[in-house]
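>>> kindly return the folded structure for what I paste below:
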Amino acid sequence: MYRLLRAPLQAVTYSRWLHLCVPLLLLALWMFIAPHMPWVPLLIVVPFGFVPWVRLAEGLQARFLLTPDEGDSVEAAIAAAASERWGDRWRTLLWLEIRLVVSGAAMFASVFLPVLGLQLTAIAVGHPMAADIIPPFPVPPRWAAALLAPVPLAALIFLVVLLGEMITAIARRLLGPSAADRVSALEARTEQLLERTRMARELHDSIGHALTVAVVQAGAARAAGDPAFTERALCAIEETGRAALEDLERVLLVLRESAQPPSRRPTLAEADRLLESARASGAEVDAQLKGSLETLPGPVTREGYRILQEALTNVLRHCGPVPVRVRVEMGPGRLDLEVTNPLPDGPSVITGGGGGLRGMRERAALLGGEAETGPHEGRWRVRARLPLERIP
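Modelled structure (predicted):
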C-alpha cells in the first residue's frame, strides 16, 4: 500500500507510462482508418521483429524510460544491442506484440477512466450525464456520485503503476541479454580486469625501478663526494626517470582510451639499458646475454624485460650496490633468465610475499612458464623459464 501511495511522486512511474503511450500513435491512426479491424497492427509489426536494429532501438528506449536508474551499466537487465541470433529476433517480435496489447489497455484506461470521473463529478454538481461520450450506466444519486468521483482517478493511478511494473518485467525477460550475451559480457569484463592488472604490474615495475635507482644513485653520489661520479649518477637518474615517464604516459593513454597510439613497450633487446642503470648505481653486474634476443616473440621479450627489471630493482632496494650475476639465454623452445646476488646481512630480504615477486611469478605463469624466487646456495636467486613454442 505504501508503495502505491508513493508511486505518484516517483518520476519512473510517468516515464514508464510514457513508454506505454509511444505505440498509441500507431493504434490511434489505425483505429481512425479501420476501427472494425483493431487486430491489424499486430500483423504490421511482425516484419519489424526480425530487423536486427529494432531490438537495439527497443532496448535503448526501454532502458531510458523503464529502468532509468540502471543507465548504461554493464549490470543493466535490459540489453542495448542488435539481434544477432534468431532467438533474439523471436523474442523481439514477441515483445512488440505484447507491447501493443498492453499499450491498447493503457489507451483505454487513459481515455475511459478520466471521462468516467468527469461524468461522476458532473452528476454530483447536478449536470446531466452525456450518454454519447461513454456508454450509459445507471445514474447514481448525487451524494453517491460525489463519493465515487475520486475512484476512477485512483484506479487510473493503480493501472499506471501496475502496467508499468508489468511492462518492465516483460522487458527484462524479452529484451534482457541472452546466455551468449552474458558470456560475452563476462569475457569482456574479464579481459578488462586482466588488462588493469597488467597495467598495475607495469606501473609497479617501471616506477618502482626508477625510484629505486634514483634513491640509490642520489645516496651514492652524496657519499662519494666525487664530481665525476655525481655527474654520471645524475645522467642515470635522468635516463631512468625519462623511461619511467614514457611508461606512465603509455598506461595513462590506455586508461583514458585516447585515440593516440600508445608508446612501444620495452623488450629484452634493450636489456643493456637496465644493466647500465644498475652499474651506474654502483652495482657490479656480470651479464651474459646469449642468443638472438631481438627475435624473441613479443609477449616473451616484453614480460622477460619486466621480470629482469623487477629483479634488479629488488637487488638495489634490499641489498644496495652489490655484485650481481645476470644470465639471459635463449635456448631451444625456452628462454632462461636468472639473476643472483648475495643475501643481505639485515632483515630486509624478501621471503616471497612481496608484490614484485608475486608479479614476476604471475607474468611467467601467463606465458605458461614459471618463476622461482628465494635463497639458493647462499645467494638470492630469481630464475624464470618462459616457453617459446606456445607463443604465436
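
>>> what's the helix or strand for Ala218?
Per DSSP states H and E, Ala218 falls inside helix 179-224.

>>> and Leu56, how close does it get to Thr92?
Distance of Leu56 to Thr92, given as CB to CB, to the nearest Å: 10 Å. In short, each C-beta sits where N, CA and C put it, glycine included.

>>> what residues are up against the closest residue to Met107 other than its chain neighbours?
Among residues not flanking Met107 along the chain, Leu24 sits closest, at 5.1 Å (CB to CB, 6 or more residues apart in numbering). Going by CB atoms under 8 Å, 6 or more residues apart in numbering, Leu24 touches 103, 106-107.

>>> can you pull the pLDDT of Leu24?
Looking at Leu24, its pLDDT reads 76.

>>> for it, phi and psi?
The phi/psi pair for Leu24 (degrees, to the nearest 10) reads phi -60, psi -20.

>>> same deal with the one 10 residues further on?
When quoted as degrees, to the nearest 10, the phi and psi of Ala34 stand at phi -140, psi 80.

>>> count the neighbours of it for me.
Number of residues near Ala34 (other CB atoms under 10 Å) recorded here: 9.

>>> now do it against Met166, distance only.
Counting by CB to CB, the gap from Ala34 to Met166 is 28 Å.

>>> same check, this time on Ala244
58 Å.

>>> ok, Pro68 next?
Pro68 is 17 Å from Met166, where distance means CB to CB.

>>> next structured bit after the helix or strand of the chain with the lowest mean pLDDT?
Least confident helix or strand of the chain, by mean pLDDT, DSSP states H and E, is helix 2-6 with a mean of 64. Counting by DSSP H and E, the element after helix 2-6 in chain order, helix or strand, is helix 11-21.

>>> so for that next one, what gets flagged as buried?
13, 16-17, 19-20 (16 or more other CB atoms under 10 Å).

>>> with stretch 357-366 instead?
Within stretch 357-366, the residues that count as buried by 16+ other CB under 10 Å are 357, 359-361, 363-364.

>>> do stretch 328-336 as well
Neighbour-count burial for stretch 328-336 [16+ other CB under 10 Å]: 328, 330, 335-336.

>>> and of these, the nearest to Asp88?
Proximity of the buried residues of stretch 328-336 to Asp88 (CB to CB) peaks at Leu335, which lies at 46.2 Å.

>>> quick check: the closest one is in a strand.
Yes. Under DSSP: H, G, I helix; E, B strand; the rest coil, Leu335 falls within a strand.

>>> settle it for me: which of Pro68 and Met166 has more neighbours?
Legend: neighbour count by other CB under 10 Å for Pro68 and Met166, higher for Met166 (16 against 12).

>>> contacting residues for the more buried one?
Taking CB under 8 Å, 6+ apart as the test, what Met166 contacts is Val102.

>>> please, which helix or strand holds it?
Met166 belongs to helix 150-174 when assigned by DSSP H and E.

>>> got a list of contacts for stretch 142-150?
Stretch 142-150 has contacts (CB under 8 Å, 6+ apart) with 117, 120-121, 123-126, 140.

>>> just the CA atoms of that stretch, as PDB, please.
Extracted C-alpha coordinates of stretch 142-150, given in PDB (Å, rounded to 0.1, in the frame of the first residue of the first chain):
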ATOM      1  CA  ARG A 142     -25.700  12.900  -6.300                       C
ATOM      2  CA  TRP A 143     -24.200  12.000  -2.900                       C
ATOM      3  CA  ALA A 144     -23.100   8.600  -4.300                       C
ATOM      4  CA  ALA A 145     -21.600  10.300  -7.400                       C
ATOM      5  CA  ALA A 146     -19.600  12.700  -5.200                       C
ATOM      6  CA  LEU A 147     -18.200   9.700  -3.200                       C
ATOM      7  CA  LEU A 148     -17.400   7.700  -6.400                       C
ATOM      8  CA  ALA A 149     -15.800  10.600  -8.300                       C
ATOM      9  CA  PRO A 150     -12.300  10.000  -7.000                       C
END
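
>>> brilliant, that's me finished.
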